[in-house]
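sequence first, then the predicted structure, then my questions.
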Amino acid sequence: MKTENLNALKSAIQGRVMLPDETGYDESRAIWNGMFDRKPALIIRCSNTKDVQAAVNFGRDNNLLISVKGGGHNSAGTAVCDDGLMIDLSQMNEVKVDAEKNFATVQGGALLSAVDSETQKSGLAVPSGIISHTGVGGLTLGGGFGWISRKFGFSIDNLISAEIVTAAGNIVNASATENDDLFWAIRGGGGNFGIVTNFKFKTAKIGTEVLSGPVVKKFENMKDYMQFHRDYVRKMPDEMTIWLVVRHAPPLPFIPNEFHGKLVVLVPFVWLGDPEQGKKLIQPILDHGETLGSGAGMHPWVGWQSAFDGLVPHGARNYWKSHHLTGLSDECIDRLREYALTMPSDECEIFIPHMEGAPSRIAANATAFPHRNTPFVLNIHTRWQKASDDKMALQWARDFHSATKEFSQGVYVNFLSDEGAGRVREAYTPDVWDKLVRCKKKWDPNNLFRMNQNISPD
Ligand SMILES: Cc1cc2nc3c(=O)[nH]c(=O)nc-3n(C[C@H](O)[C@H](O)[C@H](O)COP(=O)(O)OP(=O)(O)OC[C@H]3O[C@@H](n4cnc5c(N)ncnc54)[C@H](O)[C@@H]3O)c2cc1C
């Protein structure tokens with residue numbers, strides 16, 4: 001990089017150009033997963049779309065490896081690169097809501113917390129994820145699901161349009177009527193096709209409080225409870241979402257003290273209808289076997305959306321593996337139980353969202369998120385603190401993942417770690433993959449955007 005080029009860049013943009021050792025550089029390159037300590041040669045912290053355009057042009061013209069940081073949350077660490085250019089969108093976090101017309105515009109670096117707090121001023125929400133410090137950018141481009149997706153669809157199913165800076169440095173819009181191939185590709189194909197500077201989402205009316213909360217079951221009854229759960233949750237109307245988490249109990253007031261720090265089965269849920277009807281639907285869960293405690297009640301949506309944040313704060317070492325599960329057979333439950341008992345740390349979680357509902361009624365190839373019909377997802381959240389435990393923790397996650405492979409079908413691209421090119425393909429069906437490659441050839445023929453779950457144009 002020539003000094004005069006850098007100086008020209010600095011004066012051309014409103015945001016900041018940061019070199020190693022400059023103020024803000026370390027803060028900017030830090031991401032959620034403490035496993036990654038990468039040092040870009042240069043960071044451009046953008047303030048607006050024009051800055052992003054200048055950054056893309058600069059990276060391309062100087063042959064720099066480019067990484068894009070939205071919320072910096074991806075467990076694979078792709079937001080930050082060594083020796084290249086990191087384009088940091090974190091200052092582009094504005095959210096505007098048009099409550100009358102039912103849409104929200106969200107800048108590419110906003111966090112879910114910003115979307116929730118702004119939409120909730122009008123009792124609205126955008127379907128997204130369950131941890132409020134996740135970035136809208138990465139989450140949406142991979143698909144985006146959470147507590148209200150069964151009722152309202154994935155984040156991509158609510159995307160109306162996007163403003164994108166392409167590899168060629170053009171600013172284009174993508175929607176059902178403009179660049180529709182690009183619009184299709186960014187709904188599941190990740191950050192492969194350009195940098196999204198603005199998303200426009202349809203909003204859903206949910207009010208400001210929802211019946212929600214975790215019910216807590218004894219770990220020793222895990223098999224019996226899961227045998228009930230696997231059928232019960234699949235009978236629920238779309239308004240009800242019930243997940244399952246096996247972890248060591250946090251010190252919540254409604255869990256008896258003697259169970260704090262012990263393995264338990266958490267059954268968090270969200271109900272979007274009449275509270276009395278929701279309570280009736282949750283009662284069989286409370287009644288099945290022994291219940292250790294329940295936090296069920298009316299909770300502010302913003303509070304519920306950040307209720308799990310404290311369990312997954314920034315900085316810990318993480319290695320996440322995942323796949324969609326075709327069901328929860330007795331054999332599968334036995335395997336889950338076996339690995340629960342050998343968790344390498346008390347921070348690990350076995351997270352099992354229930355999917356189906358509205359997303360599964362959308363055709364598999366309508367967007368680039370084809371695995372819409374598997375009922376459950378298995379997320380192996382491996383978290384620990386010390387680098388000296390890396391080998392043990394990674395091995396546990398890999399063994400656990402292999403041991404449950406026979407019950408799986410496909411994977412959600414946003415839950416992949418660095419697992420190689422072959423594994424990225426498992427996030428897609430062959431027809432969707434072929435179409436993604438065609439789009440990549442058109443929109444990013446030289447694979448400028450390759451610090452991601454990469455779809456190579458070759
Ligand atoms: C604790 C935790 C909880 C999670 N919960 C959920 C959940 O409930 N539901 C769910 O669906 N997913 C969930 N995820 C997965 C999450 O969707 C992905 O990690 C996602 O990539 C995070 O987006 P980000 O912008 O924060 O990531 P980043 O690490 O900043 O970005 C990841 C990649 O996305 C691309 N990218 C990001 N922003 C842009 C942009 N504006 N334009 C172009 N490319 C961009 C880049 O390729 C980048 O490498 C969770 C992840 C974690 C770690």
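Now that the structure is in, tell me what you want to look at. Numbers count the residues shown, from 1 in each chain.

okay, the closest residue to the ligand within the stretch 151-300 of the chain: pLDDT?
When distances are taken as C-beta to the nearest ligand atom, the stretch 151-300 of the chain reaches nearest to the ligand at Gly191, 2.4 Å away. Every C-beta, even on glycine, is put in place using the N, C-alpha and C of the backbone. Looking at Gly191, its pLDDT is 98.

try Phe269
pLDDT, Phe269: 98.

cool, Thr3 as well?
85.

and it, backbone torsions?
Note on Thr3: its backbone torsions stand at phi -60, psi -40 [degrees, to the nearest 10].

which ones are touching it?
Residues counted as contacts of Thr3 (C-beta atoms under 8 Å, 6 or more residues apart in numbering): none.

isn't Ala249 right up against Asn257?
No. With contact defined as C-beta atoms under 8 Å, Ala249 and Asn257 do not form a contacting pair (9.9 Å).

grab the nearest non-local neighbour of Ala397.
Thr382 (4.2 Å; C-beta to C-beta, 6 or more residues apart in numbering).

so which bits of the stretch 151-300 of the chain are right by the ligand?
When proximity is defined as C-beta under 6 Å from any ligand atom, the stretch 151-300 of the chain approaches the ligand at 190-191, 195-196.

what of the stretch 301-450 of the chain?
So the stretch 301-450 of the chain meets the ligand at 312, 414 (C-beta under 6 Å from any ligand atom).

the strands in the stretch 151-300 of the chain, which residues?
When assigned using DSSP state E, counting those that start in this stretch, the strands of the stretch 151-300 of the chain occupy the ranges 159-165, 171-175, 195-202, 204-205, 209-218, 240-242, 244-248, 263-271, 291-294, 297-300.

who's in contact with Asp83?
39-41, 65.

scratch that, Cys81
38, 40, 65-67, 451.

out of the residues you listed, what pair is the most spread apart?
Arg38 and Ile66 (13.1 Å; C-beta to C-beta).

chain center to stretch 346-363, what's the gap?
Averaging C-alpha positions (C-alpha atoms, centre = their mean, to the nearest Å) puts stretch 346-363 11 Å from its chain's average.

re earlier: of the contacts of Asp83, which is the nearest to Glu100?
Of those, the one sitting nearest to Glu100 (C-beta to C-beta) turns out to be Pro40, at 42.5 Å.

ok, Gly108 - how many residues close by?
Counted by other C-beta atoms under 10 Å, the residues lying close to Gly108 total 31.

test my guess that it contacts Ile195.
Yes. Using C-beta under 8 Å, Gly108 is in contact with Ile195, at 6.6 Å.

which neighbours do those two share?
What both Gly108 and Ile195 touch, as defined by C-beta under 8 Å, 6+ apart, is the set 52, 89.

re earlier: ok, Ala249 and Asn257, which is more surrounded?
Neighbour count, other C-beta under 10 Å: between Ala249 and Asn257, Ala249 has more, with 22 against 9.

just give the closest residue to the more buried one, not the sequence neighbours.
Val264 is the one closest to Ala249 (C-beta to C-beta, 6+ apart), at 4.4 Å.

and that neighbour, what does it touch?
Here Val264 is in contact with 216-219, 246-249, 255, 292 (criterion: C-beta under 8 Å, 6+ apart).

find the nearest non-adjacent residue to the residue in the stretch 201-350 of the chain that the ligand sits nearest to, please.
Nearest residue of the stretch 201-350 of the chain to the ligand: Val312, at 4.1 Å (C-beta to the nearest ligand atom). Among residues not flanking Val312 along the chain, Ile131 sits closest, at 5.9 Å (C-beta to C-beta, 6+ apart).

tell me the SS of the one you found?
Three-state call for Ile131 (DSSP: H, G, I helix; E, B strand; the rest coil): coil.

how near is it to Ala316?
13 Å (C-beta to C-beta, to the nearest Å).

who wins for most neighbours among the contacts of Asp83?
Highest neighbour count within these, by other C-beta under 10 Å: Pro40, with 26 neighbours.

wait, that residue sits on Asp82?
Yes. Counting by C-beta under 8 Å, Asp82 is a contact partner of Pro40 at 7.1 Å.

residues touching Leu448, list them.
Here Leu448 is in contact with 56, 59-60, 66, 167 (criterion: C-beta under 8 Å, 6+ apart).

which of these lies closest to Pro353?
For the contacts of Leu448, the nearest to Pro353 is Ile66 (31.8 Å; C-beta to C-beta).

find the nearest non-adjacent residue to the closest one, please.
Gly59 (4.3 Å).

returning to that earlier point: and the strand or helix carrying the residue nearest to Ala397, what does it pack against?
Using DSSP states H and E, Thr382 maps to strand 376-384. Counting contacts by 3 or more C-beta pairs under 8 Å, 6 or more residues apart in numbering; DSSP states H and E, strand 376-384 packs against strand 317-325, strand 349-352, helix 390-403.

if we use 10 Å, what do you get?
Counting by 3 or more C-beta pairs under 10 Å, 6 or more residues apart in numbering; DSSP states H and E, the packing neighbours recorded for strand 376-384 are strand 244-248, strand 317-325, helix 330-340, strand 349-352, helix 390-403.

which of the ones you listed sits closest to Phe269?
strand 244-248 (9.9 Å).

angle of the closest one against strand 209-218?
60 degrees (axes from the mean of the first three to the mean of the last three C-alpha atoms, to 10 degrees).

CA atoms of strand 244-248 as CSV?
Output in CSV follows, covering the C-alpha atoms of strand 244-248 (Å, rounded to 0.1, in the frame of the first residue of the first chain):
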residue,chain,number,x,y,z
LEU,A,244,-34.5,-27.2,24.4
VAL,A,245,-31.2,-26.5,26.0
VAL,A,246,-29.1,-28.9,28.0
ARG,A,247,-26.5,-27.0,30.1
HIS,A,248,-25.3,-26.3,33.6
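
who does that strand pair with, and is each partner parallel or antiparallel?
Paired neighbours of strand 244-248 in the sheet (DSSP bridges): strand 263-271 (antiparallel), strand 349-352 (antiparallel).

any idea which of those is most buried?
Among the strands paired with strand 244-248, strand 263-271 has the highest mean neighbour count (mean count of other C-beta atoms under 10 Å), at a mean of 24.

and the residue nearest to Leu263 when sequence neighbours are not counted, what does it touch?
Once flanking residues are discounted, Leu263 sits nearest to Phe219: 4.0 Å by C-beta to C-beta, 6+ apart. Phe219 makes contact with 225, 246-249, 259, 262-265, 292, 337, 340-341, according to C-beta atoms under 10 Å, 6 or more residues apart in numbering.

shouldn't Ser47 be in contact with Gln91?
Yes. Applying C-beta atoms under 10 Å, one finds Ser47 in contact with Gln91, separated by 5.6 Å.

give me the common contacts of those two.
14-16.

which one of the residues you listed is nearest Gly303?
Once C-beta to C-beta is applied, the member of those that ends up nearest Gly303 is Gly15, at 32.6 Å.

just the terminal-to-terminal distance for stretch 73-81.
Start and end residues of stretch 73-81 are separated by 14 Å (C-alpha to C-alpha, to the nearest Å).
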